[in-house]
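Engineer: need a 3D model of the following:
(chains A and B)
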Amino acid sequence: MAFLIEGFLRAMELLLSGDTSTWSAVSATVKASTGSMLVSLLTGLPCGFILGYFDFRFKRPIRTLLDTLLALPTVCVGLIVYAFISSKGPLGDMNLLFTLTGIAVGQTILAFPVVTAITASIIENIDPALKLTLVSLGAGKKNIILTCLWEVRFGILAAAVTAYGRILTEVGISMIVGGNIKYHTRTMTTAIALETNKGMFADGIALGIVLMAIAFAVNLSLSFLRKR
Amino acid sequence: MKSRQCLSVLVAVLMVLFCAITVQAGGKGELMMATTTSTDNTGLLDYLIPFFEQDTGIALKWTATGTGKALKLGQNCDVDVLLVHAPPAEKTYIANDFGKDRREIMYNDFVIIGPKSDPAGIKGKDISQALSTIKANKAFFMSRGDDSGTNKKEKLLWKNAGIALPDKEGWYVQTGQGMLATINVTQEKNGYTMTDRGTYIKYQDQQGGDAPLTVLVEGDDILLNQYSVLTLNPKNCPDAKYDLALKFSDWMASDAAQSKIAEFRLLGKKLFIPNAK
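Structural biologist: A predicted model of the protein is given here:
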């Protein structure tokens, strides 16, 4: 029990003293998660929109598949990405193994289904009256789509926050693809796993608190977007 | 309109960040090593590698896993050099043309540790007797269970004692974790485990010198724990940085590095004993 309190104090110490290994892990986490969030939003939002807005064959099976992918184990994503980017893999020449970019690729695979699935259900649940009203007001197709998107902006924000949570907390991908290399690919979560493995429980808790602080900062800035 | 501008600024910032990541990735002038948890967890590499970088100007990065996975990473050419401790597996590895230039660098020894009260009564017995006694008493025995160098050695000891690996027994607990984590589990379960001495000293150090677990069996020749550097065979991995790997191997065997290894101590005890020829 004692290590919980010790961990809390240690967290303050790590943050205030500018401990280089902690800050390099913070920076690695922020870089990888920002990259993967960006790509998964840019690809996931349009896919989610198409899936929710239009009716086409195989729509249901695709949704079911997507919902299943929400349960994708992170370690398996890590192994799959490793298979491709290992030197002996098909993408070995890209030198992505043991890099933050490699981690970001894996995290994108993790976040894409989250963004797509949540966006799709939000779009599906738009009030049908909205479309009717817009048509009766003489709005063109482009305007209808843009207005619909604007109406669901907070829902989309929720999709982003959820995906971000999944990315920020994953260990499996960062460990296998990143290799937990100090000052390079050691992220907050792999650092926590390492400290725990070494029996340094207080340090594990401390890093966990630092990670929560990052999440808090991100959500705080998003909450300002929400107010507007 | 204002929020739309906000959004475009946000996207622009994210773009820049993403580019920063991509540019930073894939450095070429450095050496990548796969090693075992014991060299990393004890703090040896954090202490030693800055000297290597200073002497040679070569940047070295390492990933610490079990020896099994480290060898696999080498076989797939994902690293350039290996620092491992499983001599029989290393020899097979070289015979299969995955690695070469095996060079012994340092050793410590494996010990069986357990509670000070030693409920099963193995203290001072030889290694085979000790394992038989643990089995007869159904005392908790923690195994790494992860095909690491330590785990390979432990399995060999059961075999030598004439006992089939008890991996379905309730008292035989496979943690699947690193050595220090496994020692911590052993402490919680009040059981026994086999560890390299370096990690045990690190654990003692963490416990403030007053550890509930103590060394009960030690000193047998078979308990020797040899660490070696292996380079990757260019036949299998033509792109691995063979020259740099060889330089690392030479440096580790140099007098300077060997005396540094000897100077690395916790609680006044040597964790690794240099023995490069």
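Engineer: need the contact list for A:Ala28.
Structural biologist: A:Leu100, A:Gly178, A:His184, A:Thr185, A:Arg186, A:Thr187, A:Met188 (Cβ atoms under 8 Å, 6 or more residues apart in numbering or on different chains). The C-beta positions use only the backbone N, C-alpha and C, and glycine is treated the same way.
Engineer: now those residues: which count as buried?
Structural biologist: Buried residues within the contacts of A:Ala28, counting neighbours by 16 or more other Cβ atoms under 10 Å in any protein chain shown: A:Leu100, A:Gly178, A:His184, A:Thr185, A:Arg186, A:Thr187, A:Met188.
Engineer: around chain A, which positions in the stretch 101-250 of chain B sit nearby?
Structural biologist: B:Gln177, B:Gly178, B:Leu180, B:Ala181, B:Ile183, B:Asn184, B:Tyr203, B:Gln206, B:Cys237, B:Asp239 (Cβ under 8 Å from any Cβ of the partner chain).
Engineer: for these, which entry has the maximal number of neighbours?
Structural biologist: When neighbours are taken as other Cβ atoms under 10 Å in any protein chain shown, the top entry among these is B:Gly178 (28 neighbours).
Engineer: can you give me the helices for the chain?
Structural biologist: Going with chain A. Taking DSSP state H, the helices of chain A run over residues A:2-17, A:20-53, A:59-69, A:74-85, A:100-124, A:128-136, A:141-151, A:153-169, A:172-173, A:188-197, A:201-227.
Engineer: that's the wrong chain, I wanted chain B
Structural biologist: So, for chain B - with DSSP H - the helices run B:2-24, B:37-41, B:44-56, B:67-75, B:87-95, B:127-137, B:149-160, B:179-189, B:197-206, B:242-253, B:255-263.
Engineer: then the fourth one to CSV, C-alphas only?
Structural biologist: I take that to be helix B:67-75. Provided in CSV are the C-alpha atoms of helix B:67-75 (Å, rounded to 0.1, in the frame of the first residue of the first chain):
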residue,chain,number,x,y,z
THR,B,67,17.3,-14.4,-24.6
GLY,B,68,14.8,-16.4,-26.6
LYS,B,69,13.3,-13.2,-28.2
ALA,B,70,16.7,-11.5,-28.5
LEU,B,71,17.9,-14.4,-30.6
LYS,B,72,14.7,-14.3,-32.7
LEU,B,73,15.2,-10.5,-33.3
GLY,B,74,18.7,-11.3,-34.6
GLN,B,75,17.5,-14.1,-36.8
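Engineer: next, the angle helix B:149-160 makes with that helix.
Structural biologist: 120 degrees (axes from the mean of the first three to the mean of the last three Cα atoms, to 10 degrees).
Engineer: now helix B:67-75, how far from the centre of its chain.
Structural biologist: From the chain centre to the centre of helix B:67-75 is a distance of 12 Å (Cα atoms, centre = their mean, to the nearest Å).
Engineer: for it, name the packing helices and strands.
Structural biologist: strand B:30-36, strand B:81-84, helix B:87-95, helix B:149-160 (3 or more Cβ pairs under 8 Å, 6 or more residues apart in numbering or on different chains; DSSP states H and E).
Engineer: and that helix, average pLDDT?
Structural biologist: Averaged over helix B:67-75, pLDDT sits at 91.
Engineer: show me which residues of chain A are close to chain B?
Structural biologist: When proximity is defined as Cβ under 8 Å from any Cβ, chain A approaches chain B at A:31-32, A:34-35, A:37-39, A:86-89, A:92, A:94-102, A:104, A:179-182, A:184, A:196-200, A:225, A:228.
Engineer: among those, name the buried ones.
Structural biologist: For the residues of chain A next to chain B, buried by 16+ other Cβ under 10 Å: A:31-32, A:34-35, A:37-39, A:86-87, A:89, A:92, A:94-102, A:104, A:179-182, A:184, A:196-200.
Engineer: list the contacts for the closest residue to A:Gly44 other than its chain neighbours?
Structural biologist: Of all residues not flanking A:Gly44 in the chain, A:Val115 sits nearest, at 3.0 Å (Cβ to Cβ, 6 or more residues apart in numbering or on different chains). Residues in contact with A:Val115 (Cβ under 8 Å, 6+ apart) are A:Ser40, A:Leu41, A:Gly44, A:Leu45, A:Gly48, A:Ala159, A:Ala160, A:Ala163.
Engineer: likewise B:Gly198?
Structural biologist: If you count contacts by Cβ under 8 Å, 6+ apart, then B:Gly198 has B:Ser38, B:Thr42, B:Leu44, B:Asn108, B:Leu271, B:Phe272 around it.
Engineer: ok, now A:Leu137?
Structural biologist: Contact analysis of A:Leu137 by Cβ under 8 Å, 6+ apart lists nothing.
Engineer: find the residue at the geometric middle of chain B.
Structural biologist: The centroid of chain B falls nearest to B:Thr36 when counting by Cα atoms, centre = their mean (2.3 Å).
Engineer: so who does that residue touch?
Structural biologist: By Cβ under 8 Å, 6+ apart, the contact set of B:Thr36 is B:Ala64, B:Thr65, B:Gly66, B:Thr67, B:Ala70, B:Leu83, B:Val84, B:His85, B:Ser148, B:Gly149, B:Tyr227.
Engineer: which of these lies closest to chain A?
Structural biologist: B:Ala64 (7.2 Å; Cβ to the nearest Cβ).
Engineer: tell me what the closest one is bridged to.
Structural biologist: B:Thr35 (DSSP bridges).
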